[in-house]
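In: pasting the sequence and the predicted coordinates here, then a few questions.
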Amino acid sequence: MTTIRIVEDQNEIHNEAGLQIIGSTAPNQSGLSPRELLESALGLCVSISLQKIMDYDKVEYDKSSIAVEVAATKAADGTNRFSNFDVRVKLPPTLDETYKKKLMTVVERACTIGNTLKEGAIIETIEI
């Protein structure tokens, strides 16, 4: 579970281990905005999924050669939501092209965050 607390006028984001990050109200400020957190969740999920797949396949690679960039785009119809997530993945250069194509296909199916964004989810908001 993730908890948001407002402490000294800052949005603190906690997990069960404690404070993890400060939330901001807009992108490119100190802390991460909701948009950046959503992009981060998708990018982190893709990165972790890639590593798990390559570990399962017993592929040797330099983990620092993996990079994931995510850019969310607001809906053009004026609704208050994101309509697109562009995910760009840098894979280890030592992988052959056939394996890279397999990875890109498998990672889309393996990432829970990506699958949730594609299919949508029910959100219930209640007072505690």
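Out: Structure received. Numbering: from 1, shown residues only.

In: pLDDT on the lengthiest helix in the chain, on average?
Out: Assignment by DSSP state H gives helix 34-56 as the longest helix of the chain. The pLDDT scores in helix 34-56 average 97.

In: count of residues packed around I126?
Out: I126 is flanked by 4 other residues according to other Cβ atoms under 10 Å. No exception for glycine: its C-beta is placed from N, CA and C like everyone else's.

In: could you measure from it over to R5?
Out: With distances taken as Cβ to Cβ, to the nearest Å, I126 is found 18 Å from R5.

In: could you do Y99 as well?
Out: 44 Å.

In: can you tell me the SS state at F85?
Out: Judged by DSSP: H, G, I helix; E, B strand; the rest coil, the three-state class of F85 is strand.

In: low-confidence ranges in this structure?
Out: Applying pLDDT under 70 to the chain flags no residue at all.

In: which other residues reach the longest helix of the chain?
Out: Outside helix 34-56, the residues that touch it by Cβ atoms under 8 Å, 6 or more residues apart in numbering are 13, 23-24, 27, 32, 61, 63, 66, 68-72, 82, 85, 87, 89, 91, 103, 106-107, 110-114, 117.
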